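Enquirer: sharing a sequence plus its predicted fold:
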Amino acid sequence: MDKRRQSAVKVLKEIKDGSTIMISGFGEAGVPNTLLSQLKDLHPINLTIVVNSVTRPHSLPHALIEANMVSKVITTSARGRGKGLSKFEEKLRDGEVELECLPQGTFSERIRAGGAGIPAFFTPVGYGTKLGEGKETRNIQGKDCVLEEALTGDFALISANKADRFGNVNFSYTQMNFGPIMATACTTTIVEARLLLEEPLPHNHIQLPSVYVDYLIESEETDHGS
């Protein structure tokens, strides 16, 4: 078994118009920019992307939006930091892209639930706010809660520190934030790693087992995981 691939292009061609893609990373760290750069060149459209942030200039989820490839964004951070509006904010204002903004804990728990086969869960987070509008509510043990549905995807694009040829993965720092749960919640997982190893990873270094990984490519970035 060898899940390493010399090029991501053939693998990424499996991503069709209308796919839902989960993208790892936190802000500008741990983002699979090699995969995103090549996906942009292939240019599938009408994508839904599930990602922590879409406005950071040195990570590439925003590039897919600017290339008119994305119709919906599910994220926790949708505001730019510079003066004026980001391209994403302009498209949102003009009705060119749909936004679902989530509290970060709800974001991660919806993905985790998707990977665990849990269709929905109740949480007090968001109750009584705009984020809870239109959602089913229930009082549980004296707490007013909203119902949140699980998130699943067609493809997970994950950044990692290193991986062995079998698909066992080790993460570095913030790569760990969403990568493992996104891999469990998607039909196909593509990992870009700084190092692709011939020998097996030691069992105590494995943070994502190979059963959740379909393809491996070597990252073209020199520093993107911390």
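Expert: Yes, it's here. Numbering: from 1, shown residues only.
Enquirer: tell me the first helix or strand C-terminal of the lowest-mean-pLDDT helix or strand in the chain.
Expert: In the chain, no helix or strand scores lower on mean pLDDT, DSSP states H and E than helix 87-93, which sits at a mean of 89. Beyond helix 87-93 on the C-terminal side, the first helix or strand identified by DSSP states H and E is strand 98-101.
Enquirer: which strands or helices does that next one pack on?
Expert: If you count contacts as 3 or more Cβ pairs under 8 Å, 6 or more residues apart in numbering; DSSP states H and E, strand 98-101 packs onto strand 70-75. For glycine as for every other residue, the C-beta is placed from the backbone atoms N, C-alpha and C.
Enquirer: so what are the sheet partners of the strand it packs on and their directions?
Expert: Strand 70-75 pairs in its sheet with strand 47-51 (parallel), strand 98-101 (parallel), by DSSP bridges.
Enquirer: right, so of the ones you listed, which gets closest to residue 165?
Expert: Taking Cβ to Cβ, strand 47-51 is the member of the strands paired with strand 70-75 nearest to residue 165, at 27.9 Å.
Enquirer: could you check how far that closest one is from the centre of its chain?
Expert: Here strand 47-51 is found 7 Å from its chain centre; the criterion is Cα atoms, centre = their mean, to the nearest Å.
Enquirer: put the alpha carbons of the helix or strand following it into PDB.
Expert: Once strand 47-51 ends, the next helix or strand along the chain (criterion: DSSP H and E) is helix 61-66. Extracted C-alpha coordinates of helix 61-66, given in PDB (Å, rounded to 0.1, in the frame of the first residue of the first chain):
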ATOM      1  CA  PRO A  61      -9.100  29.800   0.600                       C
ATOM      2  CA  HIS A  62      -9.800  33.400  -0.400                       C
ATOM      3  CA  ALA A  63      -8.200  32.800  -3.800                       C
ATOM      4  CA  LEU A  64     -10.900  30.200  -4.700                       C
ATOM      5  CA  ILE A  65     -13.500  32.800  -3.800                       C
ATOM      6  CA  GLU A  66     -11.800  35.500  -5.800                       C
END
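Enquirer: could I get the average pLDDT for helix 61-66?
Expert: Averaged over helix 61-66, pLDDT sits at 92.
Enquirer: follow-up on the earlier one: and the strands paired with strand 70-75, which is most packed in?
Expert: Burial of the strands paired with strand 70-75 is given as mean neighbour count (mean count of other Cβ atoms under 10 Å); strand 47-51 ranks first at a mean of 24.
Enquirer: can you list contacts of that strand?
Expert: Outside strand 47-51, the residues that touch it by Cβ atoms under 8 Å, 6 or more residues apart in numbering are 15, 17-23, 25, 61, 64-65, 69-75, 111, 151, 153, 182.
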